[in-house]
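Chemist: What would the 3D arrangement of this be:
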Amino acid sequence: AGDRAQAKKLLDESLPEFYEKHRASVDEIVSTTISNAEATEAEVAELIGTRTMIMLLVGVGLAGGVAAFAYSLSPSVRRQESEMARIQSMVDQSPTSIMFADANFELRYMNASSAKHMDHLGFRLPSAKAIGERIDSIFGDPDLPSRPAELPAEKQINIGTDVVDVQISAVSDDAGNFLG
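Modeler: Next up, the predicted model:
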């Protein structure tokens, strides 16, 4: 029974002081932790802001560089387009009949002079139906070249009462690949 009174005295007198010291230590730890977390958050926010600004500046710089590069190419592209249009016009308006057949020897292009001669001379096919047909079928001559190795070739072909001089040459790309 006496221990109980002593325990109560201890609880009432000594423990509150220890509790207050413990509580003050816990509060100080919590306060320090919150301050450290707030400082870390502020540092991270500043770092994110700086990196975001750097990324934006790099992005704007890259976009400007790409635009400048494209702009620098623009005159060259326009010159090439102009040159291609000029050559296409010369071929289209040439008084000489010019045709292009692909690698399978199927007709893919003919200028106005070719169409006029085909229709005037009475070829097997009218010019309007010739595109996509094989050239040996168009000229009605199975002996026309059908392989790149047979080119260049020249042949005279009878079309009705007329004789047509046919000259066939290979067209290749920059790498030397046969196009037609």
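
Chemist: show me the contacts for the residue nearest to residue 104 when sequence neighbours are not counted.
Modeler: Take residue 104 and drop its neighbours on the chain: the residue closest to it by Cβ to Cβ, 6 or more residues apart in numbering is residue 134, 7.5 Å away. The C-beta positions use only the backbone N, C-alpha and C, and glycine is treated the same way. Taking Cβ atoms under 8 Å, 6 or more residues apart in numbering, we find residue 134 in contact with 101, 104, 105, 106, 107.

Chemist: Show me which of those residues is closest to residue 12.
Modeler: Lowest distance from residue 12 to the contacts of residue 134 (Cβ to Cβ) belongs to residue 104, with 109.1 Å.

Chemist: What about the closest one, how many residues nearby?
Modeler: 10 (other Cβ atoms under 10 Å).

Chemist: SS state for it?
Modeler: What DSSP: H, G, I helix; E, B strand; the rest coil gives for residue 104 is coil.

Chemist: So for it, what's the pLDDT?
Modeler: Residue 104 is assigned 91 on the pLDDT scale.

Chemist: what about residue 77, distance to residue 174?
Modeler: Distance, residue 77 to residue 174, by Cβ to Cβ, to the nearest Å: 17 Å.

Chemist: out of these two, which sits in the more crowded spot?
Modeler: Just comparing residue 77 and residue 174: by other Cβ under 10 Å the higher neighbour count belongs to residue 77, 10 against 5.

Chemist: what element comes up after the longest helix anywhere in the chain heading to the C-terminus?
Modeler: Ranked by residue count, the top helix of the chain under DSSP state H comes out as helix 15-93. Following helix 15-93 in sequence order, the next helix or strand is strand 99-101 (DSSP states H and E).

Chemist: Isn't residue 127 up against residue 110?
Modeler: Yes - with contact defined as Cβ atoms under 8 Å, residue 127 reaches residue 110; the gap is 6.6 Å.

Chemist: who touches both of the two?
Modeler: residue 118.

Chemist: Compare the two (neighbour count), which wins?
Modeler: Remark: of residue 127 and residue 110, residue 110 carries more neighbours, 21 against 18, as counted by other Cβ under 10 Å.

Chemist: how about the more buried one, phi and psi?
Modeler: phi -150, psi 140 (degrees, to the nearest 10).

Chemist: Could I get the contacting residues of it?
Modeler: 97, 98, 99, 100, 118, 127, 130, 131.

Chemist: which of those tops the neighbour count?
Modeler: For the contacts of residue 110, the largest number of neighbours (other Cβ under 10 Å) sits with residue 118, at 24 neighbours.

Chemist: From residue 139, how far out is that residue?
Modeler: Distance from residue 118 to residue 139, by Cβ to Cβ: 10 Å.

Chemist: where are the low-confidence patches of this structure?
Modeler: Low-confidence segments of the chain (pLDDT under 70): 1-2.
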